[in-house]
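Q: My questions are about this predicted structure, shown below with the sequence.
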Amino acid sequence: MASGAPPAAAPVVPAAAASDPAVAPAAPVVDPSPVVDPSLVEITSPMVGTFYRSPAPDEPSFVENGDRIQSGQTVCIIEAMKLMNELEAEVSGEIVDILVENAEPVEFGQPLMRVRPS
């Protein structure tokens, strides 16, 4: 049985107008990584855990920006699975930048501090 009705046409959807506020222009691409002095050495997290700057909440931080450190000196603690792991510096020098806030979670390989070796 053939029907005499013409086939249904697909609805026409108008294209978005250039002035439509829902269609925003693409934002410029910005490189999120800051330029880092290549002479600096990064101290990175050896594990996933929580970063602590001091041995206890009421005690002073292991290091501050501008402090001189020696190789083997404890610079922070990473807590992982309720174990407190002291992280020791592998290089002597000056702490230039502490990149993580106290009690902040950290990932494996995440930079924690930058040191100017001496």
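A: Nice, I can see it. Treat the numbers as computed from the prediction; the structure is a model and nothing was measured.

Q: make it CA atoms for all contacts and neighbour counts henceforth
A: Noted.

Q: Please enumerate the helices of this protein.
A: Ranges of helices in the chain, per DSSP state H: none exist.

Q: so where's the protein shaky on pLDDT?
A: Where the chain drops to pLDDT under 70, the residues are 1-35.

Q: again, only using 50
A: 17 (pLDDT under 50).

Q: outside of stretch 97-109, which residues touch it?
A: Stretch 97-109 is contacted from outside by 44-53, 64-65, 111-115, using C-alpha atoms under 8 Å, 6 or more residues apart in numbering.

Q: Oops, could you answer that again for stretch 63-77 instead?
A: So stretch 63-77 is contacted by 51-55, 61-62, 84-98 (C-alpha under 8 Å, 6+ apart).

Q: Quick one: residues contacting residue 96.
A: By C-alpha under 8 Å, 6+ apart, residue 96 lies in contact with 65, 66, 113, 114, 115, 116.

Q: and if we set it to 6 Å?
A: 65, 66, 114, 115 (C-alpha atoms under 6 Å, 6 or more residues apart in numbering).

Q: Cool, thanks, talk later.
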